[in-house]
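Asks: sequence plus predicted model, see below.
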Amino acid sequence: MKYMLYTALLAFFFLSACQPANLSTSESDQEPVTTSAPDGDEPLDAQGFTDALVSAGATVGGDGEIEQPFFAVPGQVITVNGEPVQVFEYSDSAQAGAEAALVAPDGGSIGTTMASWIGPPHFYHSGRLIVLYVGEDQSVIELLDTVLGPQFAGAEIFQEPSLSTEPPVAILQIGEHEQVSGIGSYCWNDPVAGVGICNDKIGIPTSPDPIVVESPIIARFINPLSTPPDSSTLSVTPVELQDRMSAEIDDKYWWPPNLADQSTSQLAPPYEKELSLEPGLYLLNVFVQWQEFGDASYGFLVEVPPAQGAELPEEEPEVSVVAILAEAGLNLRSEPDLSSEVIGYLPRNDLVDVIGQSPDSGWWQVLCPEEVSGTCWISADPALSEPVNLTEVSLAGLIYIENDQQPERPMWLVGADQTPALFMENSNLFASLSSDGKQMIGCCYPRGETNLYLIDPETGDSLQLTDTPDRYNHNPQWWQANPETIVFVSNVFNPNDQPRPGPGNITVVSTSGTGYQVLDSEHVVGTSFSLSPDGKTIAYTHGDENAEEDGILTPWLYQLETGPAPFNYTEFGLDDLPNLSFGNPAWSPDGRYLAWVIGGELTGDGEWKNGIAIFDLEGKSVDILNPHVPASCLFAWCPSTPVWSPDGQWLTWQIAPDGEAPSFLAMRPDGTDQQLFEYGAGPTWSPDSRHIVFGNILDFSVLVMEVGQWQLQRTELPSNSGPLIWISLDE
């Protein structure tokens, strides 16, 4: 259940546009998807779906409820062979078909919502049901195909190659030690069946546990086939743990194929090679070719320990370090020796408490994780681990969502004594909070609600602010410079249809519920908007009638005194670059700078890239920061809105470069002093700008760090919690 709930939390934090949202305000041009039950009888309902799964041999259980912002009905989460599957049941087949028509073919968007999945999505529709599975379990996909028919939208379903078109594993033998290979890129044929397949892998895979032997060694390669190969090439490369690629698949370490300092030699029968190696870690890559079967790349990992014989001093050094930050993924060993047993693993950027040090100062004795028993040691190599002297950080004033298995997902406030207290029972109501945390704007809940409410989190009392039967009001922001004004987006809908949020117009209302006004009825807001700190201007993007095809959004400013006008970025020195499009804006706290996410051919090489344009509104200049090729919006986050520190001296920005881990950057507004935090999510600034708290998507922990020192430490917040806002309790 945690997997699916965390998916929803990530979408709450990071649903933003790396490609423009659908700007159409009508859904009448979309053809409904219509399917019938597999047997052609009555339309399939949830009970019939469950019964059909059981009849097909599946193990089915119940796991709770779920709300998705893009579907009009709440869903049930069931488990199919242990995998969570979301089931949305509608009143009739026509309504389900109309909702299914909103899903893009790749599942990357549903209506006007850009979806951010942490696994490949698979959408099915039959009868009154829409079924969503986010995952890769082939047995579950086959069951859903059997019961519901083929998916109508989602990720391409990967078909495992048959065993006859995949090379068998090879063996590396060194003395009494043996290691099974990882299989890298290959082209493999089945001469009997007359079929073949080529598979280009991302790198060279190896076992994470090296063969540990003293040099010199005799490495013997045991071929996987009885037929001798036509050629066999051995490459030996010294590596370090930080050389590994980010991806770890099938319990393998993955290494880049083009590392430096390779030594290459040909292998001939009996396929042995004597190697004299200095102490360290080595990647052995054997590339084998058979004229009849094809070729394959095999990876092995070997470690040579330091020379033995030097006596260690008897006295143990004084330990003043209280924690260690892993600069790279580290093995946890049972003894302070490279030849000792690997009993666990410490991921990069993880923290572990120190309880001792080896006499030679080469190893840290650390507190073992809960899943590991015994004594744990990690390398004290400064390239692999960094000593950290932690000071306690007060989280007083932090408001976070406890993303447990309750559908309401309660909100908590950390008090002055560091003890969390219940702030609000139902975070689904949350939309925008006042700076003192005493008032909140809620919207869009329960499902189908179209109006905004002013809510007292302490008492739960609410005041309805809007009453518009034909407009959906959503995405409200509290204008701190105009504390009596709420700015939001409103879009027209047909009262006879199911209301839903979508691209609309900048609108305002007072905190007393008066003064409802659509400010700019001519320009549809393409992404999010930002409010100037002087209370005079709103920055936003707009797409014309061609935006759905060309993806181009242009920047606009709405002046309360004069109305809307395009933002003339060329006067700041930003050229009209090919395919230039604007995304989410963010004013600096002092109003001098306007940070705007942009996309297009930013670097002149013809590639689409995302970056941040920092416009100096006083100096009339612009800097483009961090241009990078973004990952697909389907499996990673699109560029989010930059977030300024309260003092305006720093920016954070959530990114997902192509081929790299989802991360966030912390940097100065001129792009200097950059820090990258892999797998960090939802960075939230402290009121004094001294600390950042964020989630770690690898282990769902919540971390905090001091700005400038950048030393990470774990908080005591429950895992899988989501920081929302950090307020000052002094106000």
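Replies: Here it is on my side, so go on.
Asks: residue 307 reaches residue 279, doesn't it?
Replies: Yes. If you go by CB atoms under 8 Å, residue 307 and residue 279 touch, sitting 6.9 Å apart. For every residue, glycine as well, the C-beta is placed using N, CA and C.
Asks: who's residue 706 bridged to?
Replies: residue 691 (DSSP bridges).
Asks: now it: how far from residue 713?
Replies: Look at residue 706 and residue 713: by CB to CB, to the nearest Å, they are 9 Å apart.
Asks: overlap in contacts of these two?
Replies: Each of residue 393 lies in contact with both residue 706 and residue 713 under the rule CB atoms under 8 Å, 6 or more residues apart in numbering.
Asks: what separates residue 427 from residue 67, distance-wise?
Replies: 11 Å.
Asks: who has more neighbours out of the two?
Replies: Remark: of residue 427 and residue 67, residue 427 carries more neighbours, 24 against 16, as counted by other CB atoms under 10 Å.
Asks: looking at this, residue 582 is in a strand?
Replies: Yes. Using DSSP: H, G, I helix; E, B strand; the rest coil, the assignment for residue 582 is a strand.
Asks: neighbours around it, how many?
Replies: Residue 582, neighbours per other CB under 10 Å, totals 27.
Asks: CA atoms only: put stretch 603-619 into PDB for me.
Replies: Presented in PDB, the C-alpha positions along stretch 603-619 are these (Å, rounded to 0.1, in the frame of the first residue of the first chain):
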ATOM      1  CA  THR A 603      22.400  25.600 -26.100                       C
ATOM      2  CA  GLY A 604      22.400  25.800 -29.900                       C
ATOM      3  CA  ASP A 605      22.900  22.000 -30.500                       C
ATOM      4  CA  GLY A 606      19.400  21.300 -31.700                       C
ATOM      5  CA  GLU A 607      18.400  19.400 -28.500                       C
ATOM      6  CA  TRP A 608      15.300  20.300 -26.400                       C
ATOM      7  CA  LYS A 609      16.500  21.200 -23.000                       C
ATOM      8  CA  ASN A 610      15.000  22.600 -19.800                       C
ATOM      9  CA  GLY A 611      16.600  25.400 -17.700                       C
ATOM     10  CA  ILE A 612      15.900  28.300 -15.500                       C
ATOM     11  CA  ALA A 613      16.000  31.900 -16.800                       C
ATOM     12  CA  ILE A 614      16.800  34.300 -14.000                       C
ATOM     13  CA  PHE A 615      15.600  37.800 -15.100                       C
ATOM     14  CA  ASP A 616      17.100  40.700 -13.200                       C
ATOM     15  CA  LEU A 617      14.100  43.200 -13.400                       C
ATOM     16  CA  GLU A 618      16.300  46.100 -12.300                       C
ATOM     17  CA  GLY A 619      19.500  45.400 -14.200                       C
END
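Asks: measure the closest residue to residue 521 other than its chain neighbours to residue 173 for me?
Replies: Residue nearest to residue 521 in three dimensions, not counting chain neighbours: residue 505, with 5.5 Å by CB to CB, 6 or more residues apart in numbering. Per CB to CB, residue 505 is found 71 Å from residue 173.
Asks: ok, these two, which is more surrounded?
Replies: residue 505 (20 against 16).
Asks: dig out what that one forms beta bridges with.
Replies: Counting by DSSP bridges, residue 505 is bridged to residue 490.
Asks: ok, it - contacts?
Replies: Contacts of residue 505 (CB under 8 Å, 6+ apart): 489-491, 518-521, 523-525.
Asks: and for the nearest residue to residue 363 once chain neighbours are set aside, the neighbour number?
Replies: Spatially, and ignoring its direct neighbours in sequence, residue 363 is nearest to residue 336 (3.5 Å; CB to CB, 6+ apart). The number of residues packed near residue 336 is 21, by other CB under 10 Å.
Asks: show me the residues around residue 336 that make contact.
Replies: 358, 362-363, 365, 377.
Asks: how is it assigned, secondary-structure-wise?
Replies: Here residue 336 is recorded as coil under three-state DSSP.
Asks: check it and give its pLDDT.
Replies: Per-residue pLDDT puts residue 336 at 89.
Asks: swap in residue 261?
Replies: Confidence at residue 261, expressed as pLDDT, is 72.
Asks: likewise residue 414?
Replies: Reading off the model, residue 414 has pLDDT 91.
Asks: okay but residue 304 is in contact with residue 277, surely?
Replies: Yes. At 4.9 Å, residue 304 counts as touching residue 277 under the criterion of CB under 8 Å.
Asks: ok, these two, which is more surrounded?
Replies: Using other CB under 10 Å as the criterion, residue 304 and residue 277 rank with residue 304 on top: 24 against 18.
Asks: who's in contact with that one?
Replies: 212-215, 217, 277-280, 282.
Asks: could you check the pLDDT of it?
Replies: For residue 304, the predicted pLDDT is 92.
Asks: could you measure from it over to residue 413?
Replies: Distance from residue 304 to residue 413, by CB to CB: 54 Å.
Asks: count residues in the vicinity of residue 149, would you?
Replies: When neighbours are defined as other CB under 10 Å, residue 149 has 15 of them.
Asks: the stretch 101-250 of the chain: strands as residue ranges?
Replies: Assigned by DSSP state E, counting those that start in this stretch, the stretch 101-250 of the chain shows strands spanning 109-110, 113-114, 121-126, 129-134, 153-154, 171-174, 177-180, 182-190, 195-199, 204-206, 211-212, 217-222, 231-239.
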